[in-house]
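[1] quick check, what structure comes out for this input:
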Amino acid sequence: MTPSSLSYPEPDPADGKGPGSGELMTASAALERVAQRFDAAGGLGLMVVDGSFIDAIERKNGHEARRDALNALGRLVQQVAADKLHECDLVMTAEAGRNEIWVAFLNWVDDASILRHEIPSFEKALAQVIHKNAGKVFYPHLRRAPKVEMGFEVCFRNPRFSAETQIYRAVEQAREDVQHNIAQRARERRRRFQEIVLDRNVYSVYEPIVEVDTHVVFAYESLVRGPDDSEFHSPIHLFSAADEYDMVFELDCQSRASGLRGAVDFPQGTKLFLNILPTAFHDPNFRAERLIETLANCQLSPTDVVFEISEQESIENFSVFKESRDYYRSLGFQFALDDTGSGYAGLEALLEISPDFIKMDRAFVSGVDEDFARQDLLSALLTVAEKMGAKVIGEGLDRPEELEMLSKLGIHYGQGWLFGHPTPLRPRD
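    Numbers count the residues shown, from 1 in each chain. Below is the predicted model of the structure:
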């Protein structure tokens, strides 16, 4: 039986029941209509749009934020439905307590086109709309578009069971499809990251650190990047994935190696800030003999290198760490503490490590020219640093006015996009 021969009444989009209408129906309110169509057509397609990311929104911001986010997801689904679906198809919210949107494909055709074309086309279009718009739609609860998974099931009418029973079985099957898709995508993502690590497919860019008073480049900080065309390009995503897959040590090793590879023909008279995690001292390639040999190949010596300690990995035993610090200092290496002031751990590390350079977190530098509290805080830190024999570096400089204020305060060095974005020191192979 084709849809054109059915006597089922087609909904008017203005009545709030069509795929492109305003407020969504609930599943319980729509169940009778879906069951009638299911009986008449002999089959249906059922998609579940999983909004489990909304769980975190509710935990952090409350049930009203959860409601708003679910409605926002529903509007995105409706936006695509208005363009892609038939008038008799239906978009609805799931039963209470479920952060899901259901889509019932009721324009049933007794062939495989619904599986080959209709549902996949809708799924692709919806994924594109969510990726493009969700960052704005879910703001301020989310800063970027969430990954929204979808699953679907095609169900043939079996008169042995009630239509309602079959509909809810289809929903459960669609939910299982969602979980299968999540697991499959997670596996594929893990494999993509492992390939990057196995292929050593990372490279380094270098950000200048400038003398505040003279504007002369004092040093360059090496910053790792993943492949340009991958979701792991940014260091945040790169190390977040490494942490998720328990490969931080391996990635840290490759980041340091990349920083040294890219430092061939390093500008004379400048220092190289090399980010390391505390566990770097366990890396065989970080042993003094190998490290000095590698530096020599880059025409660098230990006195040219500053190890920048990242807070991404906490120091579990300061006594053990200080033994390694003292050994490498005896060879000529210096140490910097990154993101100082960003938390209690940073202040504790400042006291325990006694670094040669203290990098002040951008949160205390941004807008410092207009904020007396930030000025007082930097002045206080500068006093502590001078007593420790350390130099202060202000991170996150974006405006000349901020640089001028650092100079007035007596801060030694500045770093940020004011001096240009990080770039390779030479063309990449």
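[2] which residues touch residue 292?
    301, 302, 331 (CB atoms under 8 Å, 6 or more residues apart in numbering). Every residue, glycine included, has its C-beta placed from N, CA and C.
[3] domain ranges for this protein?
    3-186, 200-419 (automatic domain parsing).
[4] switch the ones you listed over to CSV; also include mean pLDDT.
    As requested, the domains of the chain are exported to CSV (pLDDT from 0 to 100):
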stretch, mean pLDDT
domain 3-186, 85
domain 200-419, 89
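[5] can I get these in TSV with distance to residue 193?
    Formatted as TSV, the domains of the chain follow (distance: least, CB to CB, whole Å):
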stretch	distance to residue 193
domain 3-186	11
domain 200-419	5
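[6] which of these sits closest to residue 425?
    domain 200-419 (5.4 Å; CB to CB).
[7] how far out from the middle of the chain is stretch 44-62?
    19 Å (CA atoms, centre = their mean, to the nearest Å).
[8] how about the contacts made by the closest residue to residue 34 other than its chain neighbours?
    Among residues not flanking residue 34 along the chain, residue 104 sits closest, at 5.1 Å (CB to CB, 6 or more residues apart in numbering). Taking CB under 8 Å, 6+ apart, we find residue 104 in contact with 30, 34, 37, 44, 45, 46, 89, 90, 91, 92.
[9] rerun at 10 Å
    Residue 104 makes contact with 19, 27, 30-31, 33-34, 37-38, 44-47, 85, 88-92, 167, 170-171 under the criterion CB atoms under 10 Å, 6 or more residues apart in numbering.
[10] and if you look at residue 284?
    If you count contacts by CB under 10 Å, 6+ apart, residue 284 has them with 253, 290.
[11] secondary structure class for residue 240?
    helix (DSSP: H, G, I helix; E, B strand; the rest coil).
[12] quick check: it touching residue 226?
    No. In this structure residue 240 lies outside contact range of residue 226 using CB atoms under 10 Å: 11.1 Å.
[13] now the helices for this protein?
    Taking DSSP state H as the test, the helices found in the chain are 27-41, 54-61, 63-84, 113, 119-137, 163-198, 235-244, 248-261, 288-297, 318-331, 344-353, 372-388, 400-409.
[14] what's the most buried one of the ones you listed?
    helix 248-261 (a mean of 21; mean count of other CB atoms under 10 Å).
[15] that older thread, export the contacts of residue 292 as a markdown table, with columns for distance to residue 184.
    As requested, the contacts of residue 292 are exported to a markdown table (distance: CB to CB, whole Å):
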| residue | distance to residue 184 |
| --- | --- |
| 301 | 50 |
| 302 | 48 |
| 331 | 49 |
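[16] wait, isn't residue 93 in contact with residue 54?
    No. With contact defined as CB under 10 Å, residue 93 does not reach residue 54; the gap is 11.6 Å.
[17] intersection of neighbour lists for these two?
    In contact with both residue 93 and residue 54: 70, 73, 99, 100, using CB under 10 Å, 6+ apart.
[18] for the last one, which non-adjacent residue is spatially closest?
    Across the structure, with CB to CB, 6+ apart as the measure, the residue nearest residue 100 apart from its sequence neighbours is residue 94 (3.8 Å).
[19] burial measure for that neighbour, as a count.
    If you count neighbours by other CB atoms under 10 Å, residue 94 ends up with 20.
[20] please apply the same query to the one 5 residues further on.
    Residue 99: 19 surrounding residues under other CB under 10 Å.
[21] number the residues from 23 up from this point.
    Shifting the count to begin at 23 puts that one at residue 121.
[22] that one and residue 113, how far apart?
    15 Å (CB to CB, to the nearest Å).
[23] just residue 229 next, same as before
    48 Å.
[24] now residue 56
    11 Å.
[25] any shared contact partners between the two?
    47, 124, 126.
[26] look up how far residue 444 lies from the first one.
    Which is residue 47. Residue 47 is 51 Å from residue 444, by CB to CB.
[27] one more: the last one?
    Using CB to CB, one obtains 50 Å as the distance from residue 126 to residue 444.
[28] do you know how far the residue nearest to residue 56 is from residue 200?
    In terms of CB to CB, residue 126 sits 16 Å off from residue 200.
[29] kindly report the same for residue 54.
    For residue 54 relative to residue 200 (CB to CB), the value is 25 Å.
[30] do the same with residue 282
    Taken as CB to CB, the span from residue 282 to residue 200 is 45 Å.
[31] what do you get for residue 153?
    Distance from residue 153 to residue 200, by CB to CB: 18 Å.
[32] which residue packs closest to residue 300, ignoring adjacent ones?
    Residue 300's closest residue in space is residue 337 (CB to CB, 6+ apart), at 4.8 Å.
[33] quick check: residue 87 touching residue 76?
    Yes. Using CB under 10 Å, residue 87 makes contact with residue 76 at a distance of 8.6 Å.
[34] got any residues that touch both of these two?
    Common neighbours of residue 87 and residue 76 (CB under 10 Å, 6+ apart) are 160, 163.
[35] residue 245: neighbouring residues, count only.
    Neighbours of residue 245 (other CB under 10 Å): 17.
[36] with residue 294 instead?
    23.
[37] could you find the closest non-adjacent residue to the residue nearest the centre of the chain?
    With the centre of the chain defined as its mean C-alpha position, the nearest residue by CA atoms, centre = their mean is residue 259, 5.0 Å away. Spatial nearest neighbour of residue 259, excluding adjacent residues (CB to CB, 6+ apart): residue 253 at 6.1 Å.
[38] which ones are touching the one you found?
    211, 214, 215, 259, 260, 263.
[39] okay but the first one is in contact with residue 262, surely?
    Spelled out, that is residue 211. No. Residue 211 lies out of contact with residue 262 (CB under 10 Å); the separation is 11.4 Å.
[40] what do the two both touch?
    With CB under 10 Å, 6+ apart as the test, residue 211 and residue 262 both reach residue 254.
[41] ok, back up a step: closest to residue 233 out of the helices of the chain?
    Here helix 422-431 is closest among the helices of the chain (CB to CB), at 9.7 Å.
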